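Student: here is my input; please provide its structure:
(chains A and B)
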Amino acid sequence: MNPRLVGSLVQKDLSIFFRNRFFAVITVLGIVLYLVIYFVMPKSEDATLTIGLYAPAEIPAFDLLGEEGLEFEGVASEEELRQAVIDGKVIAGISLPADTLGRLLAGERPTINVFFAADTPQETRGAIEAVIQELGYRMTGQSLAIEVSEEVLGPDLAGTSLPPRNRLRPLLAALLIMVETMGLATLISEELERRTIQALLVTPATASDVFTAKGVAGISLAFGQAALFMAIVGGLNQKPLVVLTALFLGAMLVIAAGFIIGAVAKDMLSVLAWSLPVIIIFVIPSIGIAFPGRVTRWVEIFPTYYFMDTLHRASNFGAGWGDVWQNLLILFGFDLVLIWLGVVVLRRRTR
Amino acid sequence: MIEGAIVAEELTYSYNGLLAVDHVSFSVAEGEILGFLGPNGAGKTTTVKMLTGQLRPKQGRAYLLGMDITQHAKKVQGQIGVCFEVTNLYEQMTAVENLKLFARLFGIRRFDAEVLLERVGLAGRGNDRVETYSKGMKQRLMVARAILNRPKVLFLDEPTVGLDPTSAEAIRNIILEERKRGATVFLTTHDMLDAEKLSDRVAFMNQGKIVALDTPHNLKQKYGRRALKAKVLSRDGELEDREVPMDTPDTPRLVQELFSKEKVVTVHSEEATLEDIFIEITGRGLVE
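Tutor: Numbers count the residues shown, from 1 in each chain, chains lettered A, B, ... in the order given. Sure thing, here's the model as predicted:
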């Protein structure tokens, strides 16, 4: 591989890309549109927390707490309370045994069971514990010694308290990257269909130079846009290196998809037809981030899950290398396998 | 030591078991123009692809400039120029950008695209996008691209097909200029006029094999049939054609009879064309 030749070919590919009005427009509009979407979405979540309550005994203090932004939803049994938490109807459930008040007045430490939804973040759990303390204070006028037993129902997804726009941030960044699949695939299919690749391959440039240039052009476009977007929307404020690494590995996925689609497509229309299902499949894991609890572990079969999960955790919760290294490793593995597959398909096509 | 700018030894290629090129051997000397003629599907393009390193021969070897093309493809490709039959330019780019890209790929540092464009008759259009060019202009640009690295061997695949006479003549002149510079030219064509005007030797390819290879003059001598063609006035006043074969023992008598018995209106001699000779050898025409 010759870096000088690759550089010339990258320059050519980028020049051709931006002369395609469709891709030039969707590239620029994409960033603008996604920024608009991000900034028009609420920057804070709804402050009202709905908490499930199973309390066989009447406790008047709950009415007082309800006036302070807390909403309690009474249920008939502890089992019903658990189900309400699992179904996401309430963010947490508090089960107060019938003898709670009696034991408190007798100077004992009653046990209060608290159930958290799988995606209840740590800060919300802390808030619920404070609610229980407040509850005790309102019942007796002083701090109480109570035993709180916490139980998390389902896998811990975390993140519900994120503003919706931050929840969408990984999806928007991923969409920016994925759309470049079409751009790269079009560059490749045009090179093949118009037979310009034949002209390149009878010069000192090799097939590896040509493919590498396509890859570099694709990564530059995909990674550049997504990094710019994340920088503008504050996605690089926490763990920027982790986020940028995830974006880079995500952009490599685009290369693989672009190689494969470019090799099978005949023109821009067929590129669009092949790309849309791929893009839809690739963004499915983002649903789990935008709407926690709606998808389960099956999304882990998609390589983009590891990309989006890393973006989400690093940009929204400050997850570091130690937290996401497995994701990045798996994503890199997917990248290598899919790029290898793409190169094989392309080589077959260029013979 | 391999003699000749292009040497093919038993070159063979098949597509899915179908033999496209069948043990073809020939050589082209430095500075020579070889016309490579044959109908569609004869195996010409496959041969060129093997000679230029685009296809690896199933059997046999090809040497360009003394180097085995399969072993030194990139080294060889740096010293050759290829003009394809199908237009394969970057149409969204300008002519200058197209040429500069390929100049960079060939490692040419000081390159003046305008000089080359002027040479192929595209002066003043260099900064227009290629998609705005006519077919003739695109073909000239293809030739310009093929010669920008001053190739030692130039492959031209149907360079004048479908062109207006001016563009075709411009390209013929460039081919002759390249030969004058010392380049070896491998000219694949259907066009007998091109082949006759330009080629030092011509090779006829048919069904994957070279069936004849010689100078046009020698081929005509060997296979051609000269004739005297006349138009005579018939008894009812209509013009009729008469043909007297030349170079036969009966020719003098037949000519005498023609003039004594018929009212000859026009008469001219006619030489066999390369097409006639191809038909003579293969039983089929060049354009099918």
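Student: confidence score at residue 132?
Tutor: No chain specified, so I'll use chain A. Among the per-residue scores, A:Ile132 holds a pLDDT of 73.
Student: sorry, should have said chain B
Tutor: For B:Thr132, pLDDT reads 94.
Student: number of residues surrounding it?
Tutor: 11 (other Cβ atoms under 10 Å in any protein chain shown). For glycine as for every other residue, the C-beta is placed from the backbone atoms N, C-alpha and C.
Student: ok, B:Glu169 next?
Tutor: Around B:Glu169 there are 14 residues (other Cβ under 10 Å).
Student: quick one: what helix or strand has it in it?
Tutor: helix B:165-181 (DSSP states H and E).
Student: and for B:Asp22?
Tutor: Per DSSP H and E: strand B:18-28 holds B:Asp22.
Student: if you count neighbours, what's buried in that strand?
Tutor: Residues of strand B:18-28 classed as buried by neighbour count (16 or more other Cβ atoms under 10 Å in any protein chain shown): B:20-22, B:24, B:26-28.
Student: so which other helices or strands are in contact with the helix holding B:Glu169?
Tutor: helix B:135-147, strand B:153-157, strand B:184-189, helix B:192-198 (3 or more Cβ pairs under 8 Å, 6 or more residues apart in numbering or on different chains; DSSP states H and E).
Student: mean confidence score for the strand holding B:Asp22?
Tutor: Mean predicted confidence for strand B:18-28 is 92.
Student: between strand B:153-157 and that strand, find me the angle.
Tutor: 140 degrees (axes from the mean of the first three to the mean of the last three Cα atoms, to 10 degrees).
Student: need the residues that contact strand B:18-28.
Tutor: B:3-14, B:34, B:43, B:46-47, B:50, B:57, B:59-60, B:184, B:186, B:201, B:203, B:205, B:207-210, B:213 (Cβ atoms under 8 Å, 6 or more residues apart in numbering or on different chains).
Student: who wins for proximity to chain A among the helices and strands packed on helix B:165-181?
Tutor: Nearest to chain A among those is helix B:135-147 (7.2 Å), distances taken as Cβ to the nearest Cβ.
Student: what number of residues lie near the residue of the stretch 51-200 of chain A found nearest chain B?
Tutor: Proximity of the stretch 51-200 of chain A to chain B (Cβ to the nearest Cβ) peaks at A:Arg195, 4.1 Å away. A:Arg195 has 15 neighbours, counted by other Cβ under 10 Å.
Student: let me see the backbone angles for A:Gly74.
Tutor: Main-chain dihedrals, A:Gly74, degrees, to the nearest 10: phi -80, psi 140.
Student: check which helix or strand the closest residue to it other than its chain neighbours maps to.
Tutor: Of all residues not flanking A:Gly74 in the chain, A:Leu53 sits nearest, at 5.2 Å (Cβ to Cβ, 6 or more residues apart in numbering or on different chains). Assigned by DSSP H and E, A:Leu53 belongs to strand A:49-54.
Student: so what's the residue nearest the centre of chain A up against?
Tutor: Closest residue to the average C-alpha location of chain A: A:Met308 at 3.8 Å, with Cα atoms, centre = their mean. Contacts for A:Met308 were tallied using Cβ under 8 Å, 6+ apart; they are A:170-171, A:174, A:285-286, A:289.
Student: let's see that with 10 Å instead.
Tutor: Contact partners of A:Met308, counting by Cβ atoms under 10 Å, 6 or more residues apart in numbering or on different chains, are A:169-171, A:173-174, A:246, A:250, A:282-290, A:299, A:302, A:327, A:331.
Student: again with B:Val120
Tutor: Contacts of B:Val120 (Cβ under 10 Å, 6+ apart): B:95, B:137, B:139-145, B:147, B:167, B:170-171, B:173-174.
Student: what's the farthest-apart pair in those residues?
Tutor: Using Cβ to Cβ, the contacts of B:Val120 span at most 19.0 Å, a distance reached by B:Ala95 and B:Asn173.
Student: hmm, A:Val85 and the residue nearest to A:Gly74 touching each other?
Tutor: No. A:Leu53 lies out of contact with A:Val85 (Cβ atoms under 10 Å); the separation is 11.4 Å.
Student: quick one: common contacting residues for those two?
Tutor: Contacts common to A:Leu53 and A:Val85, judged by Cβ under 10 Å, 6+ apart, are A:75, A:92-93.
Student: do you know the pLDDT at the residue of the stretch 51-200 of chain A closest to chain B?
Tutor: pLDDT, read off for A:Arg195, is 91.
Student: before we move on, what about the one 3 residues further on?
Tutor: On the pLDDT scale, A:Gln198 is placed at 91.
Student: any idea how far A:Thr100 is from B:Phe204?
Tutor: 105 Å (Cβ to Cβ, to the nearest Å).
Student: in terms of helices and strands, where is residue 253?
Tutor: Defaulting to chain A. Going by DSSP H and E, A:Leu253 is part of helix A:240-264.
Student: wait, chain B
Tutor: helix B:251-261.
Student: tell me which residues are up against that helix.
Tutor: So helix B:251-261 is contacted by B:226-228, B:230, B:232, B:242-246, B:248, B:250, B:264, B:267 (Cβ under 10 Å, 6+ apart).
Student: run the last query once more with 6 Å
Tutor: Residues outside helix B:251-261 that contact it (Cβ atoms under 6 Å, 6 or more residues apart in numbering or on different chains) are B:Val244.
Student: got it, and stretch A:219-226?
Tutor: Outside stretch A:219-226, the residues touching it (Cβ under 6 Å, 6+ apart) are A:31, A:173, A:176-177, A:180, A:247-248, A:251, A:254.
Student: the strands in chain A, which residues?
Tutor: A:49-54, A:70-74, A:92-95, A:111-116, A:147-152 (DSSP state E).
Student: list the contacts of B:Leu154.
Tutor: Contacts of B:Leu154 by Cβ under 6 Å, 6+ apart are B:81, B:178, B:183, B:185.
Student: same thing but 7 Å
Tutor: With contacts defined as Cβ atoms under 7 Å, 6 or more residues apart in numbering or on different chains, B:Leu154 is in contact with B:81, B:146-147, B:178, B:183, B:185.
Student: what's across from B:Leu34 in the sheet?
Tutor: Per DSSP bridges, the residues bridged to B:Leu34 are B:Phe186, B:Arg201.
Student: name the residues of chain B found near chain A, please.
Tutor: B:52-54, B:74, B:77-78, B:82, B:84, B:86, B:88, B:90, B:92-93, B:101-102, B:104-107 (Cβ under 7 Å from any Cβ of the partner chain).
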